[in-house]
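1. Provided below for reference: sequence and predicted model.
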Amino acid sequence: MKCALITGGSRGIGSAICQKIAQEGNYHILINYQGNQEAAEATLAKVKELGATGEIIKFNVADADEVKNALTTWQEANPDAVVEVIVNNAGITRDGLFMWMSQEDWNSVINTSLNGFFNVTNFFIQKLLRNKYGRIVNMVSVSGVKGTAGQTNYSAAKGAVVAATKALAQEVAKRNITVNAVAPGFIRTDMTGELDEKELVKLIPANRFGEAEEVADLVAFLASRKAGYITGEVININGGIYS
């Protein structure tokens, strides 16, 4: 059984990625979520509607022990399963000016995006190397590439994942494992629901927010066998706001 694991896969871009990979790849979809079981089950139902198989797997990517326990338990229950695709999508924002930022708001954002990448990817990396095949896609952000005021913590976390992507890509390329990052701009999801879309659209050359499905198309391509010669890349998908 070949599997694709998508962290933070229950909603928004994560859910769209689960559905797109279900549609295009011959993968059993592992939908990771932390809190919203209802959304995870709704995504699983959509994956099954598309003719794929899948399951939900609950853990907080920021908690190293929880990740290890959940994934070890899953692997032991599915000894023949091989995870070929990892999409590190889980992330949170705790926006605010740096001068007023609490240690907790700094740590929680760094732990989820950066340590989450380590905890999940590190669990599987030796298995991918042994199998001599893998696709790792890290969801970053325009904030991690250009930096965004009011998001010093999020920019730092995503910027660190950008650098980790480039380094890990060089380590594992000989084994037919690619590591790429996708940096969305303003995408219409729950996470951007509070933003003033009318005002922000003025900054975007494409004159609109992106759709989660558009990001999912790019991720599904990078997760496919077609993308074997693309690695260590950070691909911006932001309507021209920054490239």
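-> Sure, I can see it. Numbering: from 1, shown residues only.

2. following the lowest-mean-pLDDT helix or strand in the chain, which helix or strand shows up next?
-> Across the helices and strands of the chain, mean pLDDT, DSSP states H and E gives its lowest value to helix 197-200, namely a mean of 82. On the C-terminal side of helix 197-200, the nearest following helix or strand under DSSP states H and E is strand 210-211.

3. now that following strand: how far from the chain's centre is it?
-> In terms of CA atoms, centre = their mean, to the nearest Å, the centre of strand 210-211 is found 16 Å from the chain centre.

4. and the contacts of the helix or strand following that strand?
-> Note on strand 210-211: by DSSP H and E, the next helix or strand toward the C-terminus is helix 212-222. Helix 212-222 is contacted from outside by 12-13, 15-17, 19-21, 23-25, 87, 135, 137, 139, 178, 180, 182, 184, 187-189, 227, 230, 235, 237, using CB atoms under 8 Å, 6 or more residues apart in numbering. From N, CA and C alone the C-beta is placed, and that goes for glycine too.

5. in helix 212-222, what's buried?
-> 212, 215-216, 218-222 (16 or more other CB atoms under 10 Å).

6. if we can go back for a sec, among the contacts of helix 212-222, which ones are buried?
-> 12-13, 15-17, 19-21, 24-25, 87, 135, 137, 139, 178, 180, 182, 184, 187-189, 227, 235, 237.

7. which residue is nearest the middle of the protein?
-> What sits nearest the mean C-alpha location of the chain, by CA atoms, centre = their mean, is residue 89, with 1.8 Å.

8. quick check: that one touching residue 141?
-> No: if you go by CB atoms under 8 Å, residue 89 and residue 141 don't touch, sitting 11.2 Å apart.

9. circling back: and which of the buried residues of helix 212-222 is nearest residue 164?
-> residue 222 (16.1 Å; CB to CB).

10. just for the protein, where's the confidence low?
-> Scanning the chain for pLDDT under 70 picks out 191-193, 195, 243.

11. which residue ranges of it form helices?
-> 12-24, 37-49, 64-77, 103-110, 116-131, 142-146, 152-172, 197-200, 212-222 (DSSP state H).

12. most tightly packed of those helices?
-> helix 12-24 (a mean of 25; mean count of other CB atoms under 10 Å).

13. now the angle between helix 37-49 and it, please.
-> Between helix 12-24 and helix 37-49, the angle comes out at 20 degrees (axes from the mean of the first three to the mean of the last three CA atoms, to 10 degrees).

14. which helices and strands does helix 12-24 pack with?
-> Packing partners of helix 12-24 (3 or more CB pairs under 8 Å, 6 or more residues apart in numbering; DSSP states H and E): strand 2-6, strand 28-33, helix 37-49, strand 82-88, helix 212-222.

15. would you put the C-alpha positions of the last one in CSV?
-> Right, the one you point to is helix 212-222. In CSV, the C-alpha atoms belonging to helix 212-222 read as follows (Å, rounded to 0.1, in the frame of the first residue of the first chain):
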residue,chain,number,x,y,z
ALA,A,212,-7.0,26.4,-2.5
GLU,A,213,-7.5,24.1,-5.5
GLU,A,214,-4.9,26.1,-7.5
VAL,A,215,-2.3,25.5,-4.8
ALA,A,216,-3.3,21.8,-4.6
ASP,A,217,-2.7,21.5,-8.4
LEU,A,218,0.9,22.6,-7.9
VAL,A,219,1.5,20.4,-4.9
ALA,A,220,0.0,17.3,-6.6
PHE,A,221,2.4,17.9,-9.6
LEU,A,222,5.5,18.2,-7.3
